[in-house]
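Q: what shape does this take:
(one chain, ligands or ions: 1)
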Amino acid sequence: MAAVPAQTLQLQDQIDALARQLDDREKIWASGYLAGLAAVGQSHAHGQDASAESVSPGASAPAAAASAPGKTFKVWYGSETGNARRLAEGLAADAAAKGLEVELSNLADVRPHQIRKESLIALVVSTHGEGEPPEDAEALHEFLHSERAPRLDGLSYAVFSLGDSSYEYFCQTGKDLDQALSKLGARSVLNRVDADVDFESQASEWREQALQRFSELSRKDQEDQPVNPANSVQSLAVASPASDKTPAGNWTRDNPFEAEVLASQPLTVSPSNKQVHHVELSIEGSGIQYQAGDSVGIWTDNAPELVEEILEQTGLSADEVVDRLGDKRPLGEWLSQKLELTQISRPFIEAYARGGQIAELEGLLSDAKGFRRWLESRQLIDVLREYPLTLTATQLVGMLRPITPRLYSIASSPSETPEEIHLTVKTLGGRSDQGLRAGAASWLLNHRLEAGQRPYGYSSSLIIDSGCHQIPNEQ
Ligand SMILES: Cc1cc2nc3c(=O)[nH]c(=O)nc-3n(C[C@H](O)[C@H](O)[C@H](O)COP(=O)(O)O)c2cc1C
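A: You can find the predicted model right below:
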């Protein structure tokens, strides 16, 4: 018989000592807790985020087999460009680390009528089209609004809804699903959050609240249940095999890869008023693998001449230090690197119109379609010029939303150029008599960067986002 290593014996003694302090229910809980930690630990071992989809289906399979459909905490998401997916993954990973029995699913992999068997669901969903659900949430959306929808009196749920307030139907899908669930008798256990494009802080707050609320509820569920070892194992289960959606490497929106620009060549010849470039970015050494149909997110900064123009118009100093939610930076840095200057948001116009009591702007806000058309042809600087106001640096910074990455469809094939990503980028807008009025990222990629430089200098980035179906026009 092989000798048992001394380390193992010592570990066994420690576990026995701990086990003597636990009753049967606690022992079962502890075994599940360790299983959950192991699942998350395996994802770390593979150099991935502690996110549910980063855990390979193989790693979670034993835990998944032990889950009981009705009592498992389900995290369901509907997402086109990955924001809802990332938030759902984060929540599921937190829940698993806390020892909850949790299952993460893309709504594309959920049969809508399955909802009648569920008791705890956190739903994270975005809105696309003109107030429509993302493709993967269409079936559930349709089912819950149909005559076939069942009573859902046993269901407790929470909705986090992602959107963009410059659209007429802001966060419509989350609102629709919330209303439908409540009409069917389900119980909302957290206020729905309707989050704009700068959703990060609301998302992390909601994630914490949802985790706490669902832990309480699932503990209560377990107390109400007779102890059954088969369904008491805590686990992280991945319902949807993520093979086609797993982000490669550990590069994310918040941990971007700095890709070198290999080339940015014009495809159009002047005096064409359309400027299109072929842009090549190196992903060598990143471990990023992409597939046809993937998109890539580019963090951009704002063009220095645009920042200059805003400072000149407002009469503010680039050196003035501004505190925004505890983050202190000079105004020049806020404007060039952190805040959105080329796409104006509805909340900005609301705050600006209110602050300056500008009736014309307030009137515009009441006509949603007209407002969107008006927004499309303007940037922040145009509003500052058309409706000049005396603003402090803190007021200006407080009204603007954080800059977000721009998504581009990848034009290259991984079989031809596995270490490069090629993009076809059309410059949006350009220089006019008024000044520079161009899309931030298309101007960066086509006109500001040269071979050897990296998008965004200090933290240029690439995030691979698989499964994107629609790419926004404004880049
Ligand atoms: C083509 C397109 C259409 C959109 N339509 C809406 C809309 O009607 N209402 C809304 O609130 N947000 C709309 N959005 C914004 C998205 O909901 C928002 O960017 C969200 O963060 C995307 O989340 P996801 O990456 O999980 O899909 C739209 C975005 C795109 C690209």
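
Q: ok, His128 - contacts?
A: Taking Cβ atoms under 8 Å, 6 or more residues apart in numbering, we find His128 in contact with Glu80, Pro134, Glu135, Thr173, Gln470. All C-beta spots, glycine's among them, are computed from the backbone N, C-alpha and C.

Q: one more pass at 6 Å, please.
A: Glu80, Pro134 (Cβ atoms under 6 Å, 6 or more residues apart in numbering).

Q: show me which residues of the stretch 101-250 of the chain are close to the ligand?
A: Counting by Cβ under 6 Å from any ligand atom, the positions of the stretch 101-250 of the chain adjacent to the ligand are 126-131, 134, 162-164, 167, 169-172, 197.

Q: hmm, Gln202 and Ala195 touching each other?
A: Yes - between Ala195 and Gln202 there is a contact at 4.7 Å, judged by Cβ atoms under 6 Å.

Q: show me which of those two is the more surrounded one.
A: Ala195 (26 against 16; other Cβ atoms under 10 Å).

Q: contact partners for the more buried one?
A: Counting by Cβ under 6 Å, 6+ apart, Ala195 has contacts Leu162, Gln202.

Q: can you do 7 Å?
A: By Cβ atoms under 7 Å, 6 or more residues apart in numbering, Ala195 lies in contact with Phe160, Ser161, Leu162, Gln202, Ala203.

Q: and what of Arg385?
A: Contacts of Arg385 (Cβ under 7 Å, 6+ apart): Gln313.

Q: now it. Its backbone dihedrals?
A: The phi/psi pair for Arg385 (degrees, to the nearest 10) reads phi -80, psi -40.

Q: next, count neighbours for Ala84.
A: When neighbours are counted by other Cβ under 10 Å, Ala84 comes out with 31.

Q: Ser146 too?
A: 10.

Q: how about Tyr290?
A: Tyr290: 22 neighbours (other Cβ under 10 Å).

Q: that one against Ser413, yeah?
A: No - using Cβ atoms under 7 Å as the test, Tyr290 is too far from Ser413 to be in contact (9.4 Å).

Q: what segments of the stretch 51-200 of the chain are helices?
A: 57-65, 83-97, 138-144, 172-183, 200-224 (DSSP state H, counting those that start in this stretch).

Q: under the pLDDT cut-off, which ranges of the stretch 101-250 of the chain? List them.
A: 220-250 (pLDDT under 70).

Q: what ranges do the strands span in it?
A: 102-106, 120-126, 156-162, 187-188, 193-195, 236-238 (DSSP state E, counting those that start in this stretch).

Q: pull out the buried residues from the first one.
A: When you say that, I think you mean strand 102-106. For strand 102-106, the neighbour count (16 or more other Cβ atoms under 10 Å) marks Val102, Glu103, Leu104, Ser105, Asn106 as buried.

Q: list just the nearest of those residues to the ligand.
A: Asn106 (10.8 Å; Cβ to the nearest ligand atom).

Q: please look at the closest one and Val75 and confirm they touch.
A: No - with contacts counted by Cβ under 7 Å, Asn106 stays clear of Val75, the gap being 10.3 Å.

Q: what sits against the spatially most central residue of the chain?
A: By Cα atoms, centre = their mean, the chain has its centre lying nearest to Asn83, at 2.2 Å. Asn83 makes contacts with Ser126, Leu162, Phe199, as judged by Cβ under 7 Å, 6+ apart.

Q: 6 Å - rerun?
A: Leu162.

Q: for the ligand, what's the nearest residue on the protein?
A: For the chain, Cβ to the nearest ligand atom, closest residue to the ligand: Gly163, 2.3 Å.

Q: can you count the residues close to that residue?
A: Neighbour number of Gly163 under other Cβ under 10 Å is 24.

Q: what count of nearby residues applies to the residue nearest to it when sequence neighbours are not counted?
A: Closest residue in space to Gly163, ignoring its immediate chain neighbours: Cys171 at 3.7 Å, by Cβ to Cβ, 6 or more residues apart in numbering. By other Cβ under 10 Å, the residues close to Cys171 number 25.

Q: Arg219 too?
A: 12.

Q: gap between it and Lys98?
A: According to Cβ to Cβ, to the nearest Å, Arg219 stands 11 Å off from Lys98.

Q: check Arg192 too.
A: From Arg192 to Lys98 the distance is 23 Å (Cβ to Cβ).

Q: which of these two has more neighbours?
A: Arg192 (20 against 17).

Q: now which of the residues of the stretch 101-250 of the chain next to the ligand would you call buried?
A: For these, buried by 16+ other Cβ under 10 Å: 126-128, 131, 134, 162-164, 167, 170-172, 197.

Q: now flag whichever of the residues of the stretch 101-250 of the chain next to the ligand is closest to Gly315.
A: Checking those against Gly315 with Cβ to Cβ, the nearest one is Val197 at 28.6 Å.

Q: these two touch, right, that closest one and Thr404?
A: Yes - at 5.4 Å, Val197 counts as touching Thr404 under the criterion of Cβ under 6 Å.

Q: which residues are in contact with each of those two?
A: With Cβ under 6 Å, 6+ apart, Val197 and Thr404 have no common neighbours.

Q: related to what we said a few turns ago, and Ile358, which of the strands of the stretch 101-250 of the chain is closest to it?
A: strand 193-195 (25.3 Å).

Q: mind listing what that closest one pairs with, with the direction of each?
A: In the sheet, strand 193-195 lines up against strand 156-162 (parallel) (DSSP bridges).

Q: put the alpha carbons of the strand it pairs with into PDB.
A: Listed next in PDB are the C-alpha coordinates belonging to strand 156-162 (Å, rounded to 0.1, in the frame of the first residue of the first chain):
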ATOM      1  CA  SER A 156     -38.300  35.900  -6.700                       C
ATOM      2  CA  TYR A 157     -36.300  38.000  -9.200                       C
ATOM      3  CA  ALA A 158     -34.200  41.100  -9.700                       C
ATOM      4  CA  VAL A 159     -33.500  42.900 -13.000                       C
ATOM      5  CA  PHE A 160     -30.500  44.900 -14.100                       C
ATOM      6  CA  SER A 161     -31.300  46.700 -17.300                       C
ATOM      7  CA  LEU A 162     -28.600  48.200 -19.600                       C
END
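
Q: so Ile349, which of the three states?
A: helix (DSSP: H, G, I helix; E, B strand; the rest coil).

Q: that one: what's it in contact with?
A: So Ile349 contacts Leu361 (Cβ under 6 Å, 6+ apart).
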